[in-house]
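Chemist: The sequence isn't on hand, but the structure is:
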Ligand SMILES: NC(=O)c1ccc[n+]([C@@H]2O[C@H](COP(=O)([O-])OP(=O)(O)OC[C@H]3O[C@@H](n4cnc5c(N)ncnc54)[C@H](O)[C@@H]3O)[C@@H](O)[C@H]2O)c1
């Protein structure tokens, strides 16, 4: 195999970030990837993305509006799915059955049961199933992992407060928001969306979860027109929640969100340790993507730039090449080069299907807890023992 040939299915909002990531790799000397196909039922979206690709790639990707046609053409070794959540499994299973490797935008699937079908299918056929979970791949999150586990500036983490309070209702006139407002199409609201990045980072940093208690509110129940599949439906995903997440190692996290807070905004992420705290500098649902300062007990501040420099200096050339090949520090570019190399060399991606299931178990635990009005054991949700909130989605998609 010379270049790994990759197609993109779904050329909406996030596909641009994927293409920008590949651009960085190519501009830094990467010759390992070629984008050979673009598929979107909205051809204008595909054409727009083709123009972006032509700025850095010699050969034109072929445009398709029907994913079944691109499957039969055999011009790709694998596909990156940048589709609405309800199409992750419908398209993903079909691709796997046709022996294609896949990288699925987060979340893996609408429910755990559906996600397990994808994982089983990939395993049966020995195919790569990667989750396009980009946040932990950036320099900031990798540096904070190193601070907590190796540098130990502030001792063990004890608890965290992560609060995002915004006055920002979804714009339901936009396609990208129509499917996001409906549980059957999205799996849930922001807990399943940006919350997925938060869930992945917490599992990555703090390990296994004991239990989760979550209360959800849905203040925004506007009618949404022209919803895919359902035509017209009332918004029914959460817009406000408070969750208490307890880890097996004793760390506990208070995670509060509301986008229904007229006149007020707050973005606050603080991780408190034995002798200081880590203060997130960016969007707190993408932990540490924009770095974090450390505040020590004596008031001294260690700036994020200093931490990141020290972390990079601590890496061997081999470790640096593994984490940041082609000197790329972009989470999307990094997930693409890993996906291509996994296809080429038969390797397992860092965030594989099994990890994808663990991440969505975090999100589902929040929903299941709210449904039962009780704390739930994370393990009972992961195993499928608790499955009340998810039942309606599984039934709608006829998942046994
Ligand atoms: N990693 C991140 O930071 C991040 C950020 C935003 C979105 N996402 C994820 O990316 C995925 C897509 O989100 P988005 O914001 O780009 O959504 P979007 O609605 O903007 O784009 C989806 C695209 O899929 C196309 N599409 C719909 N049905 C199709 C079909 N049957 N065949 C082919 N194309 C079809 C639509 O026309 C649209 O262009 C979701 O899983 C979302 O959670 C990730």
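Modeler: Okay, I see it. All of these numbers come straight from a predicted model, not from anything done at the bench.

Chemist: and the closest residue to the ligand within the chain, how many neighbours?
Modeler: For the chain, the residue positioned closest to the ligand under C-beta to the nearest ligand atom is residue 12, at a distance of 2.0 Å. All C-beta atoms are positioned from the backbone trio N, CA, C, and that covers glycine. By the measure other C-beta atoms under 10 Å, the count of residues near residue 12 is 18.

Chemist: start at 7 instead
Modeler: Fine by me, first position is 7 from now on; the one you just mentioned is residue 18.

Chemist: sec struct for it, please.
Modeler: coil (DSSP: H, G, I helix; E, B strand; the rest coil).

Chemist: From residue 345, how far off is it?
Modeler: Counting by C-beta to C-beta, to the nearest Å, the gap between residue 18 and residue 345 amounts to 19 Å.

Chemist: Show me how this protein divides into domains.
Modeler: Domain assignment for the chain by automatic domain parsing gives 10-141+332-359, 145-320.

Chemist: I'd assumed residue 125 was in contact with residue 360.
Modeler: Yes. The pair formed by residue 360 and residue 125 meets the contact definition of C-beta atoms under 8 Å, at 6.5 Å.

Chemist: which of these two has more neighbours?
Modeler: A count of neighbours by other C-beta under 10 Å puts residue 125 above the other of residue 360 and residue 125, at 18 against 15.

Chemist: What residues are recorded as beta-bridge partners of the closest residue to residue 225 other than its chain neighbours?
Modeler: Closest residue in space to residue 225, ignoring its immediate chain neighbours: residue 266 at 4.3 Å, by C-beta to C-beta, 6 or more residues apart in numbering. For residue 266, the beta-bridge partners are residue 173 (DSSP bridges).

Chemist: tally of neighbours for residue 266?
Modeler: Residue 266 has 16 neighbouring residues, counting by other C-beta under 10 Å.

Chemist: In this structure it contacts residue 175, no?
Modeler: Yes. Using C-beta under 8 Å, residue 266 is in contact with residue 175, at 7.0 Å.

Chemist: Mutual contacts of those two, please.
Modeler: In terms of C-beta atoms under 8 Å, 6 or more residues apart in numbering, residue 266 and residue 175 are both contacted by the residues 226, 245.

Chemist: since we're on residue 324, how many residues are nearby?
Modeler: 8.

Chemist: Is residue 283 in contact with residue 160, as I believe?
Modeler: Yes. Counting by C-beta under 8 Å, residue 160 is a contact partner of residue 283 at 6.6 Å.

Chemist: quick one: which of the two has more around it?
Modeler: For the pair residue 283 and residue 160, the greater number of neighbours falls to residue 160 (22 against 19), based on other C-beta under 10 Å.

Chemist: Now for residue 161: which residues touch it?
Modeler: Contact criterion C-beta under 8 Å, 6+ apart gives 279-282 as the residues in contact with residue 161.

Chemist: what's the answer for residue 275, then?
Modeler: So, once contact is read as C-beta under 8 Å, 6+ apart, residue 275 ends up touching 166-169, 285-286, 290, 293, 298.

Chemist: hmm, 6 Å instead?
Modeler: Remark: with contacts taken as C-beta atoms under 6 Å, 6 or more residues apart in numbering, residue 275 is in contact with 168, 286, 290.

Chemist: want to throw these into a markdown table with neighbour count?
Modeler: As requested, the contacts of residue 275 are exported to a markdown table (neighbours: other C-beta atoms under 10 Å):
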| residue | neighbour count |
| --- | --- |
| 168 | 22 |
| 286 | 25 |
| 290 | 24 |
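
Chemist: Among those residues, name the ones in strands.
Modeler: Secondary-structure check on the contacts of residue 275 using DSSP state E: residues within strands are 168, 286.

Chemist: Give me the pLDDT value at residue 7.
Modeler: Looking at residue 7, its pLDDT reads 68.

Chemist: Hmm, residue 145 and residue 335 touching each other?
Modeler: Yes. Assessed by C-beta atoms under 6 Å, residue 335 is found in contact with residue 145 at 5.1 Å.

Chemist: where do the strands sit along the stretch 107-256 of the chain?
Modeler: Assigned strands in the stretch 107-256 of the chain, in chain order: 107-111, 135-138, 163-171, 215-223, 229-233, 237-240, 246-253 (criterion: DSSP state E, counting those that start in this stretch).

Chemist: Tell me the residues of the stretch 157-306 of the chain that contact the ligand?
Modeler: For the stretch 157-306 of the chain, the residues in contact with the ligand under the definition C-beta under 6 Å from any ligand atom are 181-182, 199.
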